[in-house]
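*Asks:* I would like to see how this sequence folds:
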Amino acid sequence: MTNDHDGVRELLAAWAVDALQPGDLRRVTPHLAACPSCAAEADHLRDTVRLLDGSADGHPGGVLDGRLGDALDGRPGGAVDGHPGGAVDGHPGGAVDGHPGGAVDGGADGVLSLALRSRRPRAAEIAHHAAPYAAAVAGLQALVPEVEGRWGTPVVHDWDAHATVAHLVAADEHLAVRLGIDTPLPVSHLPEGIPAGDAWARRTADVIAHEHQRTPAQTVATWAAQAAALLATPEAADPELAARPVTVMGLRLPVADHFVIRAFEAWIHTDDIGRALGLPVPPPPDEHLWSLVRLAVRILGLALHDAPPVLFEVTGPTDTSWILGDDSDPVHAELSLDPVDFCLLVGGRYAPEEVPRGVTGDEDAARNVLERAASLAWL
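*Replies:* Alright, predicted model coming up:
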């Protein structure tokens, strides 16, 4: 048995998605044969990869032939192989800048593996509120192999493709920690009392810097393992448990809503990478898209509680509308947006003056709604 126990454990997430370099594989294989605890941890990690990847033998692969639509529809597929690749900008209507980004760790530590062991539901056991996140994770998994050889290409903000995936690890980490999943990343030393936004930006920058010292394969493997751990929590399967409110990044919402936010961010950054590669990424299926829309409207409504009232309609299969603002006054304007455009606005991928919309009535009142929606962006 090799003595490099901790070093091997750091490689297990990459092993689970078949992303080890040959030298590391020669190091890990004999250790797993001789170490029951690492072998059990490795098996559990591969089980979670199989859950997300949908392959019969537990090895990632198979469905990475451009079927991103299947992945986003909740039929996970596509290898998580973490091979190098990159991306470019091209977001519609002037992206709103300055949103934090992060990075990922490819190691699986003991607490993470305990979380993975505690509950490993099959896809059918994932509740309605977690299904959009599971589909968004599968969509990014399906895109990863297309990034091969281009991980250094600019994507969004000042991030390359590597940093964009890494950012998702930092972003998901906030909810993961709240649900009892320990982070495998080095701890950031943040001043006491630092505002939530500043802490978020610092943590993101620290994680990206850490991940840029590692390979894209390791970063993707850590992201995949952490996503699987989130989907393996009891809260992902039980709506009653997910009704518990928690504060994540200064926002106190039920756990179920935080899962929807994780789906929102995973889809937005998958779309970022797809645009950078010149590959169309389909929007979430209608059921998932409307989960994103409804949550965004609820949060936007809180931000507009004292604003001039506007009848806000999101067009689509249901043509749903809401009164946003102080509903004790008559409606000042009517504003309509496509659901995908609305999500891209809230995600910071449209500037308020450039998003396609229909407006009747008070232009200033409608513009206020668009500006408040864009101000919610943190992605």
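*Asks:* Once you drop chain neighbours, what's closest to residue 179?
*Replies:* Sequence neighbours aside, residue 233 is the residue nearest to residue 179 in space, at 4.8 Å (criterion: Cβ to Cβ, 6 or more residues apart in numbering). Bear in mind the C-beta positions are built from the backbone N, C-alpha and C, glycine included.
*Asks:* thought the one you found was touching residue 180?
*Replies:* Yes - using Cβ atoms under 8 Å, residue 233 is in contact with residue 180, at 7.5 Å.
*Asks:* and these two? which has more neighbours close in?
*Replies:* Neighbour count, other Cβ atoms under 10 Å: between residue 233 and residue 180, residue 233 has more, with 25 against 14.
*Asks:* For the more buried one, give its distance to residue 14.
*Replies:* 23 Å (Cβ to Cβ, to the nearest Å).
*Asks:* phi, psi of the residue nearest to residue 179?
*Replies:* Per-residue torsions, residue 233: phi -70, psi 150 (degrees, to the nearest 10).
*Asks:* Residue 333 now?
*Replies:* Here is the backbone geometry of residue 333 (degrees, to the nearest 10): phi -160, psi 160.
*Asks:* For it, which residues count as its bridge partners?
*Replies:* Counting by DSSP bridges, residue 333 is bridged to residue 310, residue 361.
*Asks:* which residues touch it?
*Replies:* Residues near residue 333 by Cβ atoms under 8 Å, 6 or more residues apart in numbering: 308, 310, 311, 359, 360, 361, 362, 363, 365, 366.
*Asks:* Nearest to residue 162 among those?
*Replies:* residue 366 (39.4 Å; Cβ to Cβ).
*Asks:* The closest one contacts residue 310, correct?
*Replies:* Yes - at 5.9 Å, residue 366 counts as touching residue 310 under the criterion of Cβ under 8 Å.
*Asks:* what's the overlap in contacts for these two?
*Replies:* 333, 334, 335.
*Asks:* could you pull out the strands for the stretch 251-379 of the chain?
*Replies:* Remark: strands assigned in the stretch 251-379 of the chain by DSSP state E, counting those that start in this stretch are 251-254, 310-314, 320-324, 333-337, 358-361.
*Asks:* so can I have TSV of these showing distance to residue 273 and mean pLDDT?
*Replies:* What follows is the strands of the stretch 251-379 of the chain, written out as TSV (distance: least, Cβ to Cβ, whole Å; pLDDT from 0 to 100):
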stretch	distance to residue 273	mean pLDDT
strand 251-254	25	92
strand 310-314	26	96
strand 320-324	30	93
strand 333-337	24	97
strand 358-361	31	96
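*Asks:* Tell me which of these sits nearest to residue 168.
*Replies:* Across the strands of the stretch 251-379 of the chain, residue 168 has its closest neighbour in strand 251-254 (17.6 Å, Cβ to Cβ).
*Asks:* What is the neighbour count of the nearest residue to residue 346 once chain neighbours are set aside?
*Replies:* Spatial nearest neighbour of residue 346, chain neighbours left out: residue 296 (4.7 Å); criterion: Cβ to Cβ, 6+ apart. When neighbours are counted by other Cβ under 10 Å, residue 296 registers 22.
*Asks:* you'd agree residue 296 is up against residue 343?
*Replies:* Yes - under the criterion of Cβ under 8 Å, residue 296 makes contact with residue 343 at 6.7 Å.
*Asks:* Next, show the common contact partners of these two.
*Replies:* With contacts taken as Cβ under 8 Å, 6+ apart, residue 296 and residue 343 have residue 264 as neighbours in common.
*Asks:* Just want the phi and psi numbers for residue 159.
*Replies:* Here is the backbone geometry of residue 159 (degrees, to the nearest 10): phi -100, psi 140.
*Asks:* go on, residue 190?
*Replies:* Residue 190 has phi and psi values of phi -100, psi 140 when expressed as degrees, to the nearest 10.
*Asks:* mind listing what it touches?
*Replies:* Residue 190 makes contact with 199, 202, 203, according to Cβ under 8 Å, 6+ apart.
*Asks:* Filter those down to the ones in helices?
*Replies:* Judged by DSSP state H, the subset of the contacts of residue 190 located in helices is 199, 202, 203.
*Asks:* Format the residues you listed as CSV; extra columns: pLDDT, neighbour count and distance to residue 248.
*Replies:* Below are the ones in helices among the contacts of residue 190 laid out as CSV (pLDDT from 0 to 100; neighbours: other Cβ atoms under 10 Å; distance: Cβ to Cβ, whole Å):
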residue, pLDDT, neighbour count, distance to residue 248
199, 85, 18, 12
202, 91, 16, 16
203, 91, 23, 12
